[in-house]
Structure formats: C-alpha cells, structure tokens
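> All I have is the shape, not the residue letters:
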C-alpha cells in the first residue's frame, strides 16, 4: 500500500476513465488496509481509489507500478479479489496513506462484485499500456541497484510460477469441459439437421403426420432449443407446456390486471411472474408463446401488440372502444393532456397511457401538439 | 357381416408407404421416432455433462460466452425456453432470466431520470448492486445476452453502440437515425475533451447533454426533483 499517493482524483489531459467499481476494499498484502469501502477507478494511466464516505480521501497509483495480477476466487464469506503484485515505489513518489509496507502486493476485494469486468479491463490496459504513449505519464520505476533487482526477480518468479500452475489447472478443467461439450454439440447438431428434414416434410405434407406427432415434434424442438420452422399455426410454437402455462397465467394475472386498469406491459408480466416463481423461471419466449394461446383457449386475456411494438396483456373485458372513449373523455374534460398527466389520472404506467392516447389519435378522436415542452393531446375538432 | 371398410384405405396407405420407401425417402413419422430416441440419449449425455461441469458454467463467464457461441453455431438457442434441456440441466436459464428481471427493474426505476437511456456501464453497476453480496458476479456480456432475450417481448429494449460500449434503450424506439448519430458524435467529443457535461444553468463552465451521460448522476443518488432541476 505504500505505492499509492494522495490524489485529487481528477484525470489528466490524455487520461481516460476505463471502468469504475464501487464496494471495493483495499488490502495491504494480506492485511486489510486502514481504509473503508470505496470506489476503485481504472484509467488508462492509473489505478485510483476513493473513499465512498469521504470523497476527499482519494489515492492513486500509476499502472506502470504493476508487475502482474491474478484473480482470487470468492469463498464462503469471502469476496472475490484481484491480487496485484507491484514494483517498489520510486524514490520520488508523492506521499500517500502508507509510508512503508512490508508487502509488495495489494488486493482489491470486491464486496459488491464487478471483478470479472474489472479484471478484463485491467488486462486490456496492462496489455495496451496506453500511458506510455502520452506525455502525461508518471516516471517508470527503475531498479535501484543490481542487488535489489535480483531479489525482486526471485520473488516474482515464484509468484509467476504459482499463477502459471493455477492457470494451467483452470485451463485443464475448462478444456476438459469444452471437449465434453464439443462431443455434445456434435450430437445436438445431428438433431438440428434431423429436425430440419422433418420440418420440411411436414411443410410439404409428405407422409401422414398426425396432429399428435406434430405436437410431440414441437416439444422435442422446445427441449433442444431449436427454432420452430413450422409456423403454420396461429398460436405460435404452442406445446402442451405453453398450454398449461397459459392457463396458469389466466388465473394468476386476473387480479394484477384489474389493479392496473386492465392492462400490463409484457415486461411487467415477465417480472411479476418470475419474481413469484423464484425458480424454474420462464424465458421471455415461454411467456410470449403462452400469451399467444389465450385466444384459442378462450381465456379472458389477450396479448396485444401496439404499432410501436409495445406488447401488452389486457383483460378481454377491455374493449378498444372503451379505451378510446375514456381517453377522449379525460382529454376533453381537462382540455388537453400529456401522457404523464393521463397516467397519473388513471393510475397507469406512462408507457401504457401514451399508447392509449396514440390509439385515440389514430382513430381520429385526438390530435397532438408536439413541441419542445413535450407531447400534448387535444380533442380533435377538425 | 363385417364390412371390410378401412381395409381398402389401409392397403392404399401401405402401398403409398412402400412406394415412398422405395424412393429411399424416410417417412417423417419414422424420423420423429428416431428423433425421440436420439433425444433420450442426448438428455442422459447432457445430465452426465452437467454433473461434471455445471460449476464451470456457473463460475466462468468465459465458459458461458464460448458455450453460447457453440450453440449459436449449430443453430441451438439454450435460452429459448425454461423447459429446454440446457436450461433445466445446466441451470443457464434461471441465471439469464433472473438477470432479465433485474435489468427491467433497474431501467424502470431510472426511466424518470434518464428517459429510458442508460449506459451499459451504469446498468452493470446498478444490477450488481441490486443482486447483493451473496449473488454471483455477472459480466457485461451476460447482460448483453439477457437483453437480447428481452427484445422478444417487444419491450423496446435495444442497444446502441457508442464509443466502444453500448447505450441500453428501454423505451419503444423513438430514436431515429439522426438521434443515434448525435449520440455517437457526442460520445466522441466527450472522450476527446475529457470533460463531464454540466448543466447550462450551473455556475461556471457549462455545457448541456443527456442525463444518461451525466457523470454526476452516476456518482451519487439524486431524487426525481433534483434531476428535474438539473435539466433545463
């Protein structure tokens, strides 16, 4: 930690911020540094750290101080860390929080995660060494003598070897995994080709495929994650799974829909349903395919797509005329309304209230006034 | 007396089938049966794979990236359905679908401040914060994949490439080409000048830009009232 100097945290002319991460605690070697949690910032030139409570407390270290670094995986009760091994501080180093340290490495402990990205960017910056290309760089530390140089080299070799061994071990595990995965992929590819052949035959009406067999085929596609090439049906890639799902949704969404004026954006539904499930979550496609089956199952819900591409689930009781009439009423009542004002009136989200106003406009009942102050709707008197 | 009804039809079908097979074509029904068998084998192979390597996928974001790319190459989407084998056995599904929920929630919470535009960096930070200490780390690549899935729901989610990273858009497309170009030019300018864009009504040097790129707002929490005061 004695490589850091006090800093005002401002970037130099050629220096750019690369990434920042909050919730980082510093370690002087293996000991916790006498600093609190802070924000770690990586620039093209330096590693900066600022105390999150006391912004005045800010320290920095040139990236040229870094010899090498490695990830330390999280453990039980331990956050993931990046261990950074450093050159000795140059003689002309500006004062910092530590006058002296018995360690030649520091650790960044990621209490709020973010170590993957930070490590990736640090690797990039240490490879590119952008600080060397500009004049605003700090002096690169040189050995203070052959004796010190030799000692430093020995220490580094040991560390490098350890890192290399760990990397080889990880690589071995990963490459084993990839080998096994590749074998799986070969099998999967065979099935993709098989499914294409089947799909073509179904399309060309060759052979005698029963409804049952088609449904089974679709469920195989679902299991494998193969896109359904047979899209004759209007109810999407419906399988028994989606059918069941649609019924569940029919029950589950009644009350929430009524609370929200009869309409919810599909993204809202996605969050609601998945939060309730906790595990075995629905994919966006699962939800979409289930919603497409509402009509054929004669459930009182409908999936609706607005011109803008926004998708909503709405209660069947919510007819289009009703919505437009209510929009016109409200606007006439107030003289004019923006989407935000309308949203407040109805207790709807701004997104959906805007869709209603746009719909009423499309039907010729409202007209717009589009200015810098926003989009306002008026009854159409033309 | 039994009418041989159906017998004629069956015979006709058998004839057709025989002629078909003669030509060397396999019937679709037979292929479906074949596929069902292959599926069973595949399922148990995948189970074996999962028992050996599930941790790899969980821990290594690099592995996730490669895994996704391999799937894409052969035409398989492991995230298409929560009911898919990949999702069920490798647990990749829940990871990305939950991430999707978290992304939507962050975007929704900030929409009043940034109009539905947020940098990938900021989104990443906030999602991490929301996930809490004991959750697994996520990379930006993970976020990008989760967002790609969200697009299916017509939610207006999109990503605009700006200066080497992305702006994530969470409102229906009202940005046309001109806006996108302006955003990209501004980002270049930002990098060149190395300045934060300040409100024009603030004292001292000032320039105006979209709240999504205000560094002020990413450093401390701002209430909606304060945010409204910041923008002219």
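Cool, the structure landed. Here the structure is a predicted model, which means the values were calculated and not measured.

> wait, does the longest helix anywhere in chain B contact chain A?
If you go by DSSP state H, chain B has its longest helix at helix B:28-59. Yes: judged by CB under 8 Å from any CB of the partner chain, helix B:28-59 and chain A are in contact via B:28-29, B:31-32, B:34-36, B:38-39, B:41-43, B:45-46, B:49, B:52-53, B:56, B:59. Using the backbone N, CA and C atoms, a C-beta is placed for each residue, glycine as well.

> Any of these buried? List them.
Among the residues of helix B:28-59 next to chain A, the ones that count as buried by 16 or more other CB atoms under 10 Å in any protein chain shown are B:28-29, B:31-32, B:35, B:38-39, B:42, B:45-46, B:49, B:53, B:56, B:59.

> got the residue ranges for the strands in chain B?
In chain B, the strands defined using DSSP state E lie at B:117-119, B:158-162, B:165-169.

> For residue A:360, which non-adjacent residue is spatially closest?
residue A:327 (4.1 Å; CB to CB, 6 or more residues apart in numbering or on different chains).

> so where's the stretch 51-200 of chain A uncertain?
A:134-156 (pLDDT under 70).

> which stretches of chain B have low pLDDT?
For chain B, applying pLDDT under 70 flags the ranges B:1-5, B:16-25, B:155, B:172-232.

> what about residue A:313, which SS state?
Of the three states, residue A:313 takes strand according to DSSP: H, G, I helix; E, B strand; the rest coil.

> is it true that it touches residue A:303?
Yes: shown here, residue A:313 and residue A:303 form a contact pair, counting by CB atoms under 8 Å, at 5.9 Å.

> Between those two, which contacts overlap?
The overlap between the contact sets of residue A:313 and residue A:303 (CB atoms under 8 Å, 6 or more residues apart in numbering or on different chains) consists of A:266, A:291, A:294.

> from the residues you listed, which are also near chain B?
Checking these against chain B (CB under 8 Å from any CB), the matches are residue A:266.

> Neighbour-wise, which one of the shared contacts of residue A:313 and residue A:303 leads?
residue A:291 (27 neighbours; other CB atoms under 10 Å in any protein chain shown).

> what's the pLDDT at it?
pLDDT, residue A:291: 94.

> Name the helix or strand for the closest residue to it other than its chain neighbours, please.
Among residues not flanking residue A:291 along the chain, residue A:303 sits closest, at 3.9 Å (CB to CB, 6+ apart). Assigned by DSSP states H and E, residue A:303 belongs to strand A:301-305.

> picking up where we left off before, the residue nearest to residue A:360: neighbour count?
If you count neighbours by other CB under 10 Å, residue A:327 ends up with 25.

> contacting residues for it?
By CB under 8 Å, 6+ apart, the contact set of residue A:327 is A:342, A:356-357, A:359-360, A:365-366.

> As JSON lines, the residues you listed with neighbour count, pLDDT and secondary structure would be great.
Output for the contacts of residue A:327, formatted as JSON lines (neighbours: other CB atoms under 10 Å in any protein chain shown; pLDDT from 0 to 100; DSSP: H, G, I helix; E, B strand; the rest coil):
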{"residue": "A:342", "neighbour count": "22", "pLDDT": "87", "secondary structure": "helix"}
{"residue": "A:356", "neighbour count": "25", "pLDDT": "84", "secondary structure": "helix"}
{"residue": "A:357", "neighbour count": "27", "pLDDT": "87", "secondary structure": "helix"}
{"residue": "A:359", "neighbour count": "17", "pLDDT": "84", "secondary structure": "helix"}
{"residue": "A:360", "neighbour count": "24", "pLDDT": "87", "secondary structure": "helix"}
{"residue": "A:365", "neighbour count": "18", "pLDDT": "87", "secondary structure": "coil"}
{"residue": "A:366", "neighbour count": "24", "pLDDT": "89", "secondary structure": "strand"}
